[in-house]
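Q: Fold the following.
(one chain, ligands or ions: 1)
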Amino acid sequence: MDRLDLSVKRQILVSHPMLGSKSSMTEESTKEQQSAGLRNLGDSEADLLSEFNRKYYDKFGFPYIICVKETTKNKILSDIQQRYKNDLETEILKGIEEVKKIAKHRIMELVA
Ligand SMILES: NC(=O)NC1NC(=O)NC1=O
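A: The predicted structure is shown next:
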């Protein structure tokens, strides 16, 4: 994955679901987001996440991606605000690192 062009890396990120979204997503994503408490946030947390999800998407053209199995709800709410300040290339590379972690956890789950 590391050897792919930046434009292909960007395409990989585009296909990911928004964090905390109520819309439909894969069974794996639903379970991962549920386990991090992202499917039932308090009102102010949900507002903050949706505000930054939207700002992040508007700035970069793909959703904010983080491996929820390696963090906590509170860290996500602060991380999205920090990462929003980054430039496009930094976020493409960061997003790909998070996709690799998500894939690693999904593979571990399959072989466990
Ligand atoms: N947008 C985003 O980070 N999505 C995800 N992260 C994760 O660990 N599972 C997902 O579906």
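
Q: drop to CA atoms for contacts and neighbour counts, all remaining ones
A: Fine.

Q: least trustworthy helix or strand in the chain by mean pLDDT?
A: Lowest on mean pLDDT, DSSP states H and E among the helices and strands of the chain sits helix 27-35, with a mean of 86.

Q: and the very next helix or strand once past it, which residues are buried?
A: Sequence order places helix 43-60 as the next helix or strand after helix 27-35, per DSSP states H and E. Going by neighbour count (16 or more other CA atoms under 10 Å), the buried part of helix 43-60 is 45-46, 49-50, 52-56, 60.

Q: Quick check: residues of the protein near the ligand?
A: 16-19, 29, 32, 63-69, 102 (CA under 6 Å from any ligand atom).

Q: now do 5 Å
A: With CA under 5 Å from any ligand atom as the criterion, the chain comes near the ligand at residues 17-19, 29, 65-68.

Q: Out of the buried residues of helix 43-60, flag the one nearest to the ligand.
A: Asn53 (9.1 Å; CA to the nearest ligand atom).

Q: Nearest residue to the middle of this protein?
A: Taking CA atoms, centre = their mean, the centroid of the chain lies closest to Ile65, which sits 1.9 Å from it.

Q: Who's the closest spatial neighbour of it, skipping the chain neighbours?
A: Closest residue in space to Ile65, ignoring its immediate chain neighbours: Gly95 at 5.6 Å, by CA to CA, 6 or more residues apart in numbering.

Q: packing partners for the helix or strand hosting the one you found?
A: Secondary structure assignment for Gly95, by DSSP H and E: helix 88-111. On a contact count with 3 or more CA pairs under 8 Å, 6 or more residues apart in numbering; DSSP states H and E, helix 88-111 meets helix 6-14.

Q: quick one: contacts of the helix it packs on?
A: The contact list for helix 6-14 (CA atoms under 8 Å, 6 or more residues apart in numbering) reads 1, 61-63, 65, 89, 92-93, 95-96, 99.
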